[in-house]
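A.B. asks: The sequence and its predicted three-dimensional model are supplied below.
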2 protein chains.
Amino acid sequence: MSAHSAGWTAPASTVLRVPAGGLAAVDPDATPGYDGGKDHGAVSLASGLAALSPLQERLFAQAATGTATGRVLLVLQAMDSAGKGGIVRHVVGGVDPQGVALAAFKAPTAEEREHDFLWRVQKRVPAPGMIGVFDRSHYEDVLIARVRALAPAEEIERRYGAIVDFEQRLADEGTRIVKVMLHISRDEQKDRLMERLDRPDKHWKYNPGDVDERLLWDQYMAAYDTVFARTSTDAAPWHVIPANRKWYARLAVQELLLGALEDIDPQWPVADYDVEAEKKRLAAS
Amino acid sequence: MSAHSAGWTAPASTVLRVPAGGLAAVDPDATPGYDGGKDHGAVSLASGLAALSPLQERLFAQAATGTATGRVLLVLQAMDSAGKGGIVRHVVGGVDPQGVALAAFKAPTAEEREHDFLWRVQKRVPAPGMIGVFDRSHYEDVLIARVRALAPAEEIERRYGAIVDFEQRLADEGTRIVKVMLHISRDEQKDRLMERLDRPDKHWKYNPGDVDERLLWDQYMAAYDTVFARTSTDAAPWHVIPANRKWYARLAVQELLLGALEDIDPQWPVADYDVEAEKKRLAAS
């Protein structure tokens, strides 16, 4: 676990790794590895951001000066209302926007459907120095695509291997991949969707199709478990984040991001010009 | 001025409009229209953000539901070290990242140079519901391009008209354009560049070319004045923000953004489904 991470009793990257038992083995109400409680969680989130910001800036600085090409890709997957938007806003939103590349993947367009499923994804992978965030991702092509039979079974099968190869290539070029599934319970989703229906300022976030997908809950959970079994690799492991408690889910994703950046360990670039000579030039200008 | 804007004595969009006298008529140390001082400025910035966030969310919600297509484009231009990054971080960075599209324009690539100067810019204009931010922009093509004679004089002349036409088209499709030049003094720039040389963690932000451009200060100021004279239109007026005081510049840009959003006046979309029927479906699911 990272040095600043008061409240964490075990490394998030270990305790949140998808268990052998799959989703059934993860309690959405739990707060694994963190013993701080909600109030302390807010303090931890703020201090985590204070730790994340300089790491992000060093990562960006390295790429800007061409001294290193490390980058991070955060992949966010979840059932509707599980809190992806809150992660984007409260975890990713805390760092300098110029160092963040956010890609939200919706249902593919007609043009996108004419290409392999990874075509549109490849175009949005983070450049050196960036923290890329996928709000939904290529995993939709083996989740809703499987549950809704949007592609033939053998094509779905092919995709698991294609994803593993794709992510390995990203890792090989220096991308630290953090994949998280925000795991809420079926009851929690009902409460959150009901709140959207109860509040006129939330009506726009609700879609009748949300209930259609909800009715396929068990099929989705099974599709996620297959995803974990087929695509959780050393280069790009899956994490399952209990997400009934929003404060915990945000803190956990932040901790995983911090761990990724600390692994990269970006450093301030050394000047490739003569600092003293430049001071004289500037003073005379 | 906007309703929340305690401290503002006059509308920012009026007092910051580029004056007839051009840059020479603007004191970079001034804080026009705001009588709150630096400490109160921090309070105003926080309360301004609290006002900006729901406006941004409504703008986004309208587009997400297809009920309106309004959008905002903030164009940031300035001499080196004038504070564009701080605006991105502290003004734009406060709103939900999923509603912001940031485009940083560097020196054009070989491919980009094979196209008209607006080719790469057109690709980055904000989609409906978004706040687009240009960190540098097509104006570089009539600023450094003019000062450094990177294009023939008649081509530079052509570009002013092309820019006016381009921005008019954006406005016609519902884009509210906010163009700002962050105006620092030559002495202030020297201090800020010297700080970059004095601090190893800032060395990466310094480039010997910065002094080369600095030596052409007067030519740049003249090029800016020509830009203002040729491209400040009703559809896309220019504002000059005194920027020696960072706190003021941030507050002023925030106030201009707020004004733009208040002009658009986005509303929460009305549900296009039967809310009560959906509550029953959800309850039964």
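C.D. replies: Cool, the structure landed. Numbering: from 1, shown residues only, chains lettered A, B, ... in the order given.
A.B. asks: Tell me which residue in the stretch 1-150 of chain A sits closest to chain B.
C.D. replies: Chain B sits closest to residue A:61 of the stretch 1-150 of chain A, with a gap of 4.2 Å, by Cβ to the nearest Cβ. Yep, even glycine has a C-beta here, placed from its N, CA and C like the rest.
A.B. asks: That residue touches residue A:266, doesn't it?
C.D. replies: Yes. Using Cβ atoms under 8 Å, residue A:61 is in contact with residue A:266, at 7.4 Å.
A.B. asks: who's residue A:78 bridged to?
C.D. replies: Legend: beta-bridge partners of residue A:78 under DSSP bridges are residue A:182.
A.B. asks: confidence score at residue A:238?
C.D. replies: Here, the pLDDT recorded for residue A:238 equals 98.
A.B. asks: Residue A:161 now?
C.D. replies: Per-residue confidence (pLDDT) for residue A:161: 98.
A.B. asks: Please identify the helix or strand for it.
C.D. replies: helix A:153-172 (DSSP states H and E).
A.B. asks: got it, and residue A:280?
C.D. replies: helix A:275-284.
A.B. asks: Based on its surroundings, how many neighbours for the closest residue to residue A:53 other than its chain neighbours?
C.D. replies: Nearest residue to residue A:53, sequence neighbours excluded (Cβ to Cβ, 6 or more residues apart in numbering or on different chains): residue A:95, at 5.6 Å. If you count neighbours by other Cβ atoms under 10 Å in any protein chain shown, residue A:95 ends up with 24.
A.B. asks: circling back: for the residue of the stretch 1-150 of chain A closest to chain B, which residues are in contact?
C.D. replies: Counting by Cβ atoms under 8 Å, 6 or more residues apart in numbering or on different chains, residue A:61 makes contact with A:129, A:266, A:268, A:269, B:204, B:205.
A.B. asks: So for it, what pLDDT did the model give?
C.D. replies: Predicted confidence (pLDDT) for residue A:61: 97.
A.B. asks: Only the buried residues of the helix or strand where it lies, if you could.
C.D. replies: Here residue A:61, judged by DSSP H and E, is contained in helix A:37-64. Residues of helix A:37-64 classed as buried by neighbour count (16 or more other Cβ atoms under 10 Å in any protein chain shown): A:41, A:44-45, A:48-49, A:51-52, A:55-64.
A.B. asks: what distance separates that helix from the centre of its chain?
C.D. replies: 15 Å (Cα atoms, centre = their mean, to the nearest Å).
A.B. asks: how about the residues of the stretch 101-250 of chain A that lie near chain B?
C.D. replies: Proximity of the stretch 101-250 of chain A to chain B, by Cβ under 8 Å from any Cβ of the partner chain, involves residues A:102, A:104, A:135, A:190, A:193-194, A:197, A:200-201, A:203-208, A:211, A:214-215.
A.B. asks: Spell out for me the PyMOL command that would select the buried members of those.
C.D. replies: Buried residues within those, by 16+ other Cβ under 10 Å, are selected in PyMOL with:
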select buried, chain A and resi 102+135+190+193+194+197+203+204+205+206+207+211+214
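A.B. asks: Identify those among the residues of the stretch 101-250 of chain A next to chain B that sit within helices.
C.D. replies: If you go by DSSP state H, these have A:190, A:193, A:194, A:197, A:208, A:211, A:214 in helices.
A.B. asks: Might one say that the first one is in contact with residue B:282?
C.D. replies: Yes. With contacts defined as Cβ under 8 Å, residue A:190 counts as touching residue B:282 at a distance of 6.4 Å.
A.B. asks: Give the residues shared as contacts by those two.
C.D. replies: When contacts are counted by Cβ under 8 Å, 6+ apart, residue A:190 and residue B:282 are jointly contacted by residue A:214.
A.B. asks: hang on, the earlier thing: dihedrals phi and psi, the residue nearest to residue A:53?
C.D. replies: phi -100, psi 170 (degrees, to the nearest 10).
A.B. asks: Mind pulling up the pLDDT for it?
C.D. replies: So residue A:95 comes in at 93 (pLDDT).
A.B. asks: Same question for residue A:1.
C.D. replies: 50.
A.B. asks: just to revisit the earlier point, using JSON lines, please lay out the contacts of residue A:61 together with pLDDT and distance to residue A:254.
C.D. replies: Listed next are those as JSON lines, based on pLDDT from 0 to 100; distance: Cβ to Cβ, whole Å:
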{"residue": "A:129", "pLDDT": "98", "distance to residue A:254": "20"}
{"residue": "A:266", "pLDDT": "97", "distance to residue A:254": "17"}
{"residue": "A:268", "pLDDT": "97", "distance to residue A:254": "23"}
{"residue": "A:269", "pLDDT": "96", "distance to residue A:254": "26"}
{"residue": "B:204", "pLDDT": "97", "distance to residue A:254": "25"}
{"residue": "B:205", "pLDDT": "96", "distance to residue A:254": "26"}
